[in-house]
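Visitor: output the structure for:
(one chain, ligands or ions: 1)
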Amino acid sequence: MLKLPINCDRQPYLFVLIIQTIVGAPFFPSPPFVIKKMLTLADVNSDSVVYDLGCGDGSIIVAAARDFNAKKAVGIEQNQRLCAIALAKTRRLKNAHVVNANYDTVDLSEANIVTIYQSARENARLKRKFLNELPENSTIVSHDFGIPGWRPKLFHTFKEGRHGYRIIVYVIGSHTPS
Ligand SMILES: C[S@@+](CC[C@H](N)C(=O)[O-])C[C@H]1O[C@@H](n2cnc3c(N)ncnc32)[C@H](O)[C@@H]1O
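Guide: This next block holds a predicted model:
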């Protein structure tokens, strides 16, 4: 039986396959129902400045800007082809921006909400950047992988079909020992 890439059930499979073909590499986007849950748990609203680190095809920033009315949503993506897709998807959204860069080089200090879907190892590496650049009480919401050593404000698990999903929310300050 054909095994689908992780988290691709309920994501239009053909759509993911087309993006992977364009990008020329495996690409694992967060499914729409996970994105909705992430942005809801992070309480994205019209005061929010949302940064998605590694925004892929831009789905998170589109949802933040369009469906949650974020003041500003910024996606940072190093893959040029994914960036082009994200730019096309956000071109009509005045409050959404896409930056083609390594997120290590982008200052996060204007963000009050950061979304990530990276490995636990990468999340651990990002701790220093988060502590240096994010204002106190900023929220980090992570799909699937936690930030090692940090105590989450919220650890949300749910099932959709046969798959289980994890969304982990951190707040810069009391929950984040350096
Ligand atoms: C698992 S995908 C998540 C995409 C999107 N955030 C989502 O949840 O649907 C991870 C993305 O991070 C990007 N990425 C990884 N390291 C990066 C870096 N240092 N700077 C910018 N983008 C990066 C990858 O190219 C990939 O598109």
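
Visitor: need the longest helix for this protein.
Guide: Across the chain, the helix with the greatest residue count (assigned by DSSP state H) is helix 120-133.

Visitor: and that one, which residues are buried?
Guide: Neighbour counts over helix 120-133 (16 or more other C-beta atoms under 10 Å) mark 123-124, 126-127, 129-130, 133 as buried. (Glycine included, C-beta is placed from N, CA and C.)

Visitor: what does stretch 103-122 give?
Guide: Buried, per 16+ other C-beta under 10 Å, within stretch 103-122: 103, 108, 111-118.

Visitor: does the ligand sit close to it?
Guide: Yes - using C-beta under 6 Å from any ligand atom, stretch 103-122 reaches the ligand at 103-104, 117.

Visitor: need the contact partners of the longest helix of the chain.
Guide: 53, 104, 107-109, 114, 116, 118, 140, 142, 145-150, 172, 176, 178 (C-beta atoms under 8 Å, 6 or more residues apart in numbering).

Visitor: out of the buried residues of helix 120-133, who's nearest the ligand?
Guide: Nearest to the ligand among those, counting by C-beta to the nearest ligand atom, is L126 at 9.2 Å.

Visitor: may I see the residues of stretch 103-122 next to the ligand organised as JSON lines, with secondary structure and pLDDT added?
Guide: Shown next, in JSON lines, are these (DSSP: H, G, I helix; E, B strand; the rest coil; pLDDT from 0 to 100):
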{"residue": "Y103", "secondary structure": "helix", "pLDDT": "98"}
{"residue": "D104", "secondary structure": "helix", "pLDDT": "98"}
{"residue": "Y117", "secondary structure": "coil", "pLDDT": "97"}
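
Visitor: contacting residues for A96?
Guide: 58, 61-62, 64-66, 72-75, 90.

Visitor: ok, what's across the strand from it?
Guide: A73 (DSSP bridges).

Visitor: distance of it from S48?
Guide: Noted for A96: a distance of 12 Å to S48, by C-beta to C-beta, to the nearest Å.

Visitor: who touches both of these two?
Guide: What both A96 and S48 touch, as defined by C-beta under 8 Å, 6+ apart, is the set 64, 72.

Visitor: show me where the protein has its strands.
Guide: Applying DSSP state E to the chain gives strands spanning 49-53, 72-77, 96-100, 113-116, 139-143, 154-160, 163-171.

Visitor: kindly reformat the ones you listed as CSV containing distance to L14.
Guide: Compiled in CSV, the strands of the chain are given as follows (distance: least, C-beta to C-beta, whole Å):
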stretch, distance to L14
strand 49-53, 24
strand 72-77, 22
strand 96-100, 24
strand 113-116, 25
strand 139-143, 22
strand 154-160, 19
strand 163-171, 19
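
Visitor: perfect, I'm done here.
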